[in-house]
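S.K.: here is the input, now give the coordinates:
(one chain, ligands or ions: 1)
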Amino acid sequence: MSHDLARTRAFFGVRAAGWESRFPDDGPAYAAAVAAMGLRPGATVLDAGCGTGRALPALRAAVGPAGRVLGADATPEMLAAAVGHGRRSSGALLLADAGALPLRPGALDAVFAAGLVPHLPDPASGLRELARVVRPGGMLALFHPIGRAALAARQGRRITDDDLRSRPRLRPLLAEAGWRLDSYVDEEDTFLAIALRGSAVPGGRAPGVPTADGEEL
Ligand SMILES: C[S@@+](CC[C@H](N)C(=O)[O-])C[C@H]1O[C@@H](n2cnc3c(N)ncnc32)[C@H](O)[C@@H]1O
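M.R.: The predicted structure is shown next:
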């Protein structure tokens, strides 16, 4: 395991048990973000960095019983908490690094990622990996249940365009990874950037990755 992944696990591992009680009122914001994705019944969707699986019930409701929902996270304690919250009834849980997913190229219609990208050691490479596993024309939704300005204020810093999620930084970052920014909302109580997958993934990883749980993905 890389040093970065070990650090991520150490950081989030101790926070997993109390994760959902920190911000108990975020549920409607997750549901609204998933609704904004306009997922079709029967679609296959991944929650990358799913944590305790807060978004999984909304994703399942969107794709229906014929759809497929996966939640992937690198921190075992987060997935254990997801099991404790009963989230396995909404989707399959996968212990995996979002930067090297055990999924076939183009296996997914969409990826939802809440609070993941700022934690990736190499966001450009992580976004390329997400593009690899999404079909051309598929979707990426980058969500946070608080806007950039409100988050900066909460953390006692000033908002600047250096922030990975600022539109001037995010658009080219996505483009270099094979995504086209389609819509961008940054308000007090929500951040949601939706991007669509182009036909090619610049510098994407080679195909042929085995599936994790025996599913044909
Ligand atoms: C800020 S939390 C958000 C969790 C969840 N999406 C939510 O909204 O409640 C970030 C999550 O990303 C996971 N994570 C960080 N780096 C990761 C990586 N490389 N691969 C998979 N998961 C990762 C962490 O374990 C953590 O659960």
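
S.K.: partner residues bridging residue 134?
M.R.: With DSSP bridges as the criterion, residue 134 is bridged to residue 108.

S.K.: how close does it sit to the ligand?
M.R.: Look at residue 134 and the ligand: by CB to the nearest ligand atom, to the nearest Å, they are 16 Å apart. Just so you know, the C-beta spots here come from the backbone N, C-alpha and C atoms, and that holds for glycine as well.

S.K.: ok, now which ones touch that residue?
M.R.: For residue 134, the contact set (CB atoms under 8 Å, 6 or more residues apart in numbering) comprises 106, 108-111, 140, 197.

S.K.: mind putting those into JSON lines with distance to residue 84?
M.R.: Below are those laid out as JSON lines (distance: CB to CB, whole Å):
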{"residue": "106", "distance to residue 84": "33"}
{"residue": "108", "distance to residue 84": "26"}
{"residue": "109", "distance to residue 84": "28"}
{"residue": "110", "distance to residue 84": "26"}
{"residue": "111", "distance to residue 84": "24"}
{"residue": "140", "distance to residue 84": "28"}
{"residue": "197", "distance to residue 84": "34"}
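
S.K.: among those residues, name the ones in strands.
M.R.: 108-111, 140, 197 (DSSP state E).

S.K.: pretty sure residue 199 contacts residue 136?
M.R.: Yes. Using CB atoms under 8 Å, residue 199 is in contact with residue 136, at 4.7 Å.

S.K.: who has more neighbours, these two?
M.R.: residue 136 (13 against 7; other CB atoms under 10 Å).

S.K.: just to confirm, which helix or strand has that one in it?
M.R.: If you go by DSSP states H and E, residue 136 is part of strand 134-144.

S.K.: filter the contacts of residue 134 down to the buried ones, PyMOL style.
M.R.: A single PyMOL command is used to select the members of the contacts of residue 134 judged buried by 16 or more other CB atoms under 10 Å:
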select buried, resi 106+108+109+110+111+140+197
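
S.K.: now, which of the contacts of residue 134 sits nearest the ligand?
M.R.: residue 111 (11.6 Å; CB to the nearest ligand atom).

S.K.: roughly how far apart are the closest one and residue 124?
M.R.: The spacing between residue 111 and residue 124, counted by CB to CB, to the nearest Å, is 16 Å.

S.K.: before we move on, what about residue 170?
M.R.: Per CB to CB, residue 170 is found 11 Å from residue 124.

S.K.: among the two, which residue is more densely surrounded?
M.R.: Ranked by neighbour count (other CB under 10 Å), residue 170 and residue 124 place residue 170 first, with 22 against 16.

S.K.: ok, that one - contacts?
M.R.: Counted by CB under 8 Å, 6+ apart, residue 170 has contacts 142, 164, 181, 184, 193.
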